[in-house]
Structures are given as C-alpha cells and as structure tokens.
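Asker: below is the structure, and that's it, no one-letter string:
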C-alpha cells in the first residue's frame, strides 16, 4: 500500500502547520481503511490498516509534543493496533505453509480468530473513547 501524498507542505513554514497536514493525512488513511478491515476475512485490508497505523504512530512519535494528550493517546492506540494486526498478519503468512500439519493449521486459524476479535474490540474501544476524534480536534486545520 502506497502512502497517501501529503498536500500543502511548506518547508519554509514552522513545524506545527506541516505536522498537522501530515497527521491529518495519516489519520484519514487509518479511518478510511478501518471499514473494510473489520471484515474477518479481509486479510489484505487488515494488513493495509496495520501499515496505516504504523505510519500514524511513527509520525506521532516525532510530533506528539505539538498536539498534547490526544496525540499521546492516539500514538498508544496506533501502536497496539499495529501489534495486534501484525500478529494476525503473521498467522496469514504462516497458514498457507501449514498445509501438511493439521494441528498447526488449526492452531493458526484459532489464533487468528482470537486476534481478530481483539482487533475489533480494540478498534471499537478507541472509537468510543474518542481517540481518533480527539486527535482530529487537536489539529488546527
């Protein structure tokens, strides 16, 4: 998945306006990709969401002080999303290799199902907590 281009960056401008544009773009990617990723069978969408969470997390690690506690909460949520989705992806990569080992295949499928439930719960918790909308509000765009 290619990162969405960030429009309107100005190298001559202060950090905050540029950081706002970058964070807003990365957050929009995350939110846009979340819908398809909530389908349990959408492994590609879940992998794309993991990449989007990673991009948002990494930019927030750098510019978090510009945006306060909302950015800190969003960074932590993005990190946990990235972790859970990464473990799901590991299962997706290993499942096709486990064709001759039924017990391993069953283990990987069950683990993936449990991880998907954790991902879904985590996404809903953060959405209900207002993590993503709080981050949006912290931006002045």
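Answerer: Yep, it's here. Just so we're clear, the structure is a prediction, and the values are computed from it rather than from any experiment. Residues are numbered from 1 along each chain as shown.
Asker: for the rest of this, base every contact and every neighbour count on C-alpha atoms.
Answerer: Fine.
Asker: model confidence over stretch 4-15, on average?
Answerer: Here stretch 4-15 scores 95 as its mean pLDDT.
Asker: how distant is it from the center of its chain?
Answerer: Centre-to-centre, stretch 4-15 and its host chain are 22 Å apart (Cα atoms, centre = their mean, to the nearest Å).
Asker: could we number from 141 for the rest of this?
Answerer: Understood, numbering begins at 141; the last thing we discussed is stretch 144-155.
Asker: just the buried positions in that stretch, please.
Answerer: Within stretch 144-155, no residue is scored as buried using 16 or more other Cα atoms under 10 Å.
Asker: what does it contact?
Answerer: Residues outside stretch 144-155 that contact it (Cα atoms under 8 Å, 6 or more residues apart in numbering) are 158, 161-162, 165-166, 169.
Asker: give me that answer again for 10 Å
Answerer: For stretch 144-155, the external contacting residues (Cα atoms under 10 Å, 6 or more residues apart in numbering) are 157-166, 168-169, 192, 203, 206.
Asker: looks like residue 142 contacts residue 191 (just checking).
Answerer: Yes. Assessed by Cα atoms under 10 Å, residue 142 is found in contact with residue 191 at 9.4 Å.
Asker: looking at the two, which one has more neighbours?
Answerer: residue 191 (21 against 7; other Cα atoms under 10 Å).
Asker: which other helices and strands contact the helix or strand the more buried one falls within?
Answerer: In this structure, residue 191 sits in helix 183-203 according to DSSP states H and E. Contacts defined by 3 or more Cα pairs under 10 Å, 6 or more residues apart in numbering; DSSP states H and E place helix 183-203 against helix 155-177, helix 209-234.
Asker: that older thread, quick check, nearest of the contacts of stretch 144-155 to residue 222?
Answerer: residue 192 (8.5 Å; Cα to Cα).
Asker: ok, the closest one - contacts?
Answerer: Contacts of residue 192 (Cα under 10 Å, 6+ apart): 141-144, 166-174, 186, 198, 218, 221-222.
Asker: also residue 189?
Answerer: Counting by Cα under 10 Å, 6+ apart, residue 189 makes contact with 141, 169-178, 183, 195, 218, 221-222, 225-226.
Asker: one more pass at 8 Å, please.
Answerer: 170, 173-174, 177, 225.
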